[in-house]
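> can you look at this prediction? I've put the sequence above it.
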Amino acid sequence: MHNSDKFKIPMGPQHPALKEPESFVVSLHGEKITNVDIWLGYNHRGIEKACEERTYVQDMYLIERVCGICSHSHSTCFVQAVEEVAGLEVPKRALYIRTLIGELERIHSHLLWLGVAGHEIGFDTLLMYTWRDREVVMDLFSLLTGNRVNYGINTIGGVRRDITKEQVEEVLKGMDILEERTKYYIEVATQETTVIKRLSKVGVLNYEDSLKFDAVGPTARASGVKRDVRHDDPYAAYGEMDFNVITDTHSDVYGRTVVRVLELMESYKIVRQCLKNMPDGPITVKAPRRIPAGEAISRYEAPRGEDVHYVKSNGTERPDRVKVRAPTLANIQAVKHMLKDRYLADMPIVVAAIDPCFSCTDRSVAVERPGENKEIMTWEALSDYGVEWHRARGLDFGDLNNKLKKRLEGK
Amino acid sequence: MGSALFSILIFPGFLFVSVFGLIAEFIDRKLYARMQNRVGPPWFQTFADFVKLLGKEDIVPSAANRRMFTWAPLFALASVVTVYLYIPLWKAESLFAFNGDIIMVLYLLTVPTLAFFIGGWYSTSLFSRIGSVRAVTQLFAYEVPLFMSILAAALLADTWSLADIVIFYSAHPVYTLFNLAGFAIAVVALLGKLEKVPFDIPEAETEIVAGAFTEYSGRRLAILRLTIDIEMVVGSSLLVAVFFPFGFVLGPVLGFTVFMIETVAVIALLSLLRTVVARLRIDQMIDFCWKILVPLALFQLLLNLILKGVLAR
């Protein structure tokens, strides 16, 4: 049984290696992987559709919840698109604050990734250390924005909170601590024998394949592709920042680790520049409730790679269409290729190395082939179907709804 | 008869070694946590875990072979507890010492791994099966250097009896220095036997959930965990008895105390090692054992053979 190709093990939807439900069906030949079937879709939340039902300001908070790690990336990306449609000139100080929060987010995301990578290769000490240090940056978030995860600092036309002198001091102190620690992690990741053994030559994605699969972010940069939206198409205040785009030529998981730890050092540099050069002035301009008709695409370099948002407005206070392309959607295609002829033991780290966020990626797409007649339900039909389905099972809220309606009208 | 039963069931048998095993697990976990900058569990945590597991629902998968699934943990537990009766604790002779007991000790220490294999295999889950195959694959890699390093020490003492090894090294403490390489090999191989990082490949959580133990729950899991704790104590005690048996010349009470301290020191060394490394892959592990540990162990054997010739003169 063990030596036949039919030995398929289900990694997921529930598995200790996974942080979110998704399914990888791995066909094994001994310890070697012969095929991987990737099934996503356990996390679809219909956020794009929900955005069409809400106003732009509400959407901003909803979009921030696309991802728990790069929440600022998504909200900034969305806000940038809306501002472009509305033709708003965002104050410089607001752009600097956005950049600052964006870089702090990259620091927390990369530290988190380093810990997860350590855990996937059984090096829990690295997990405990990096997550301890990640608390430094999480505390800075709560100091600067009032929140640890969904910062809610963006608003259409600027940011909601200013930064005081004392906060600047605190952030600088935090950066000094983290820089010291990061130097140690660079040493661990590049010198510890067992770590190198587990990372190098694993999940190889060479330069050509990286372009072919359209990899983004650290995954692409580790294959030598010099691609970084912050550098290529500067947004916020990145045009005025001096930083290097880190690339590596190892093209494997080791390269992705090196890129991420070195990017941490660049982020400290950007944060310091941000705080030093932050101009004075207002932090927001007044935004109209109704955004004029138009459409815009906005790009943002999230910690995991390029994030793309598309917003189409129809002149009302609600968008006509919002589309999110999270970085994982670009990277996940390459995973199957990376896992070719690898060992089962490499599977968790190869998947983790693209820093996947499946809930950001999940979407439903209806494909209609010619000659096929698929029924597409409208929103009302779906609602009616739901009511009928429950009524058939003895659950009827119709009376209660009518009563509620009457009572509300009575007032 | 009564005293034999007392030895087997209470001291130094089942009860004592179980409690010591749980304490050892606590020491291991606490040190591991402190070295990772965590607080770690309180002292009674391992006991609480054990009692809690005993009270939990005990599920046997419907596809599993019930008899094998139940008996494998008991076999493993029985064999590790038996080993402890053959380890010298307060004087050179253990309770039931006989000439050749070191072979039996090594043999009985292999039984738990085989029992885990059988338990995992017959629980029929995919994860269990991969885990148990890995456990046996790993067995063939670490067992050889472990045996070679321990038997190299026995070779120098010119005996197959643990008691005589203890007497020999107590009389000539300097000779233990020649066995330091052997001790290092044995500690690394013991990590493999105890399935700890970097050799926790058979129960690699992020790959195959809990390996051979995936389907176990409740009482059976409690027994398995106790077995691993006791295995850690027994393995460490064996290394102390073979490589550093110094305390016994001081009399039974001090001798016992020194022996316990040395055992705990070996357990601490195991925790330190598992803190600082990542898990290897099964192919890397086998490469490491056969290409580095085995040649080193052969070197140790050769050294001891030459030494023996020199000393005999």
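Noted; the coordinates are in hand. None of these values were measured; they are calculated from a predicted model.

> and stretch B:40-59, what's buried?
Using 16 or more other Cβ atoms under 10 Å in any protein chain shown as the test for burial, stretch B:40-59 gives B:41, B:46, B:49-50, B:53. The C-beta positions use only the backbone N, C-alpha and C, and glycine is treated the same way.

> hmm, B:L269 is touching B:V187, no?
Yes - contact status for B:L269 versus B:V187: in contact at 6.2 Å, counting by Cβ atoms under 8 Å.

> how many neighbours does the residue of the stretch 1-150 of chain A found nearest chain B have?
Nearest residue of the stretch 1-150 of chain A to chain B: A:G122, at 2.7 Å (Cβ to the nearest Cβ). The number of residues packed near A:G122 is 28, by other Cβ atoms under 10 Å in any protein chain shown.

> cool, and A:S210?
The burial count assigned to A:S210 is 23, neighbours taken as other Cβ under 10 Å.

> give me the nearest residue to it, chain neighbours excluded.
Nearest residue to A:S210 in three dimensions, chain neighbours excluded: A:S223, at 3.8 Å (Cβ to Cβ, 6 or more residues apart in numbering or on different chains).

> what's the pLDDT at that neighbour?
Note for A:S223: predicted pLDDT of 90.

> ok, now how distant is it from chain B?
From A:S223 across to chain B, the span is 23 Å (Cβ to the nearest Cβ, to the nearest Å).

> quick check: that residue touching A:L205?
Yes - using Cβ under 8 Å, A:S223 makes contact with A:L205 at a distance of 5.4 Å.

> need the residues touching each of the two.
Both A:S223 and A:L205 are contacted by A:215, A:251, under the criterion Cβ atoms under 8 Å, 6 or more residues apart in numbering or on different chains.

> what's the neighbour count on residue 20?
As the question left the chain open, I've gone with chain A. 17.

> switch to chain B, that's the one I care about
21.

> again, but for A:R161
16.

> now it. Nearest residue, chain neighbours left out?
In this structure, A:R161 finds its nearest non-sequential neighbour in A:I153, 5.8 Å apart by Cβ to Cβ, 6+ apart.

> pop out the phi and psi values for the closest residue to chain A within the stretch 151-300 of chain B.
In the stretch 151-300 of chain B, the residue that lies nearest chain A is B:R279 (2.7 Å; Cβ to the nearest Cβ). With angles defined as degrees, to the nearest 10, B:R279 sits at phi -70, psi 140.

> how about the secondary structure of the residue lying closest to it once chain neighbours are set aside?
The shortest distance from B:R279 to any non-neighbouring residue, by Cβ to Cβ, 6+ apart, is to A:G122 (2.7 Å). Following DSSP: H, G, I helix; E, B strand; the rest coil, A:G122 is assigned to coil.

> mind listing what's buried along the helix or strand in which B:G192 is found?
Element membership of B:G192 [criterion: DSSP states H and E] is helix B:180-193. Counting neighbours by 16+ other Cβ under 10 Å, one finds that the buried residues in helix B:180-193 are B:182-193.

> doesn't B:N304 fall inside a strand?
No - per three-state DSSP, B:N304 lies outside any strand segment and is helix.

> pretty sure it sits against B:I150.
No - if you go by Cβ under 8 Å, B:N304 and B:I150 don't touch, sitting 11.5 Å apart.

> what's residue 158 in contact with, if anything?
This is for chain A. Shown in contact with A:G158 (Cβ under 8 Å, 6+ apart): A:90-91, A:94, A:282-285.

> ah, I was thinking of chain B
B:D158 is in contact with B:168, B:308, counting by Cβ under 8 Å, 6+ apart.

> restricted to helices, list the buried residues of stretch B:40-59.
Of the buried residues of stretch B:40-59, the ones assigned to helices by DSSP state H are B:46, B:49-50, B:53.

> residue closest to the middle of chain A?
Chain A has A:C70 as the residue nearest its centroid, 4.5 Å off, counting by Cα atoms, centre = their mean.

> helices of the stretch 1-150 of chain B, residue ranges please.
According to DSSP state H, counting those that start in this stretch, the stretch 1-150 of chain B carries its helices in the segments B:2-9, B:14-35, B:45-55, B:66-85, B:101-122, B:126-157.

> quick one, strands of the stretch 201-313 of chain B?
Using DSSP state E, counting those that start in this stretch, the stretch 201-313 of chain B contains no strands.

> interface residues of it facing chain A?
Residues of the stretch 201-313 of chain B lying close to chain A (Cβ under 8 Å from any Cβ of the partner chain) are B:201, B:204-209, B:275-284.

> quick one: contacts of stretch A:265-278?
A:93, A:96-97, A:99-100, A:103-104, A:106-107, A:110, A:163, A:168, A:171-172, A:175, A:178-179, A:182, A:186, A:237-238, A:240-244, A:246.

> buried stuff in that stretch?
A:265-275, A:278.

> got it, and stretch B:4-15?
Those would be B:7-8, B:12-14, for stretch B:4-15 by 16+ other Cβ under 10 Å.

> what of stretch A:311-331?
For stretch A:311-331, by 16+ other Cβ under 10 Å, it's A:311-313, A:318-319, A:322, A:324-331.

> before we move on, the earlier item: in terms of neighbours, single out the busier of B:N304 and B:I150.
Higher neighbour count among B:N304 and B:I150: B:I150, with 26 against 22, using other Cβ under 10 Å.

> ok, for the more buried one, nearest residue in space, not its chain neighbours?
B:I150 sits nearest to B:V242 (Cβ to Cβ, 6+ apart), 5.5 Å away.

> who touches the one you found in this structure?
Each residue near B:V242 by Cβ under 8 Å, 6+ apart is listed here: B:102, B:150, B:153-154, B:162, B:165, B:186.

> repeat that with 6 Å
B:150, B:153, B:165 (Cβ atoms under 6 Å, 6 or more residues apart in numbering or on different chains).

> just give the number of residues close to the second one.
B:A153 has 25 neighbouring residues, counting by other Cβ under 10 Å.

> could you check how far it is from B:L307?
11 Å (Cβ to Cβ, to the nearest Å).

> per-residue pLDDT, the residue most central in space within chain B?
In chain B, the residue lying closest to the centroid (Cα atoms, centre = their mean) is B:G235, at 3.0 Å. The per-residue pLDDT reported for B:G235 equals 92.

> surely it and B:A189 touch.
No - using Cβ atoms under 6 Å as the test, B:G235 is too far from B:A189 to be in contact (9.3 Å).

> of the contacts of stretch A:265-278, which belong to helices?
Those of the contacts of stretch A:265-278 lying in helices (DSSP H): A:93, A:96-97, A:99-100, A:103-104, A:106-107, A:110, A:168, A:171-172, A:175, A:178-179, A:182, A:186.

> near chain B, list only the ones from these.
The subset of the ones in helices among the contacts of stretch A:265-278 within reach of chain B, by Cβ under 6 Å from any Cβ of the partner chain, is empty.

> buried only: go through those residues for me.
Judged by 16+ other Cβ under 10 Å, buried ones among the ones in helices among the contacts of stretch A:265-278: A:93, A:96-97, A:99-100, A:103-104, A:106-107, A:110, A:168, A:171, A:175, A:178, A:182, A:186.

> circling back: ok, the residue nearest to A:S210 touching A:V204?
No - here A:S223 does not reach A:V204: they are 8.8 Å apart, not a contact under Cβ under 6 Å.

> quick one, which of the two is more surrounded?
Set A:S223 next to A:V204 and count neighbours by other Cβ under 10 Å: A:S223 wins out with 28 against 18.

> pull the contacting residues for that one.
A:S223 touches A:205, A:207, A:210, A:251, counting by Cβ under 6 Å, 6+ apart.

> tell me the secondary structure at the last one.
Spelled out, it's A:S251. In three-state terms, and counting by three-state DSSP, A:S251 is coil.
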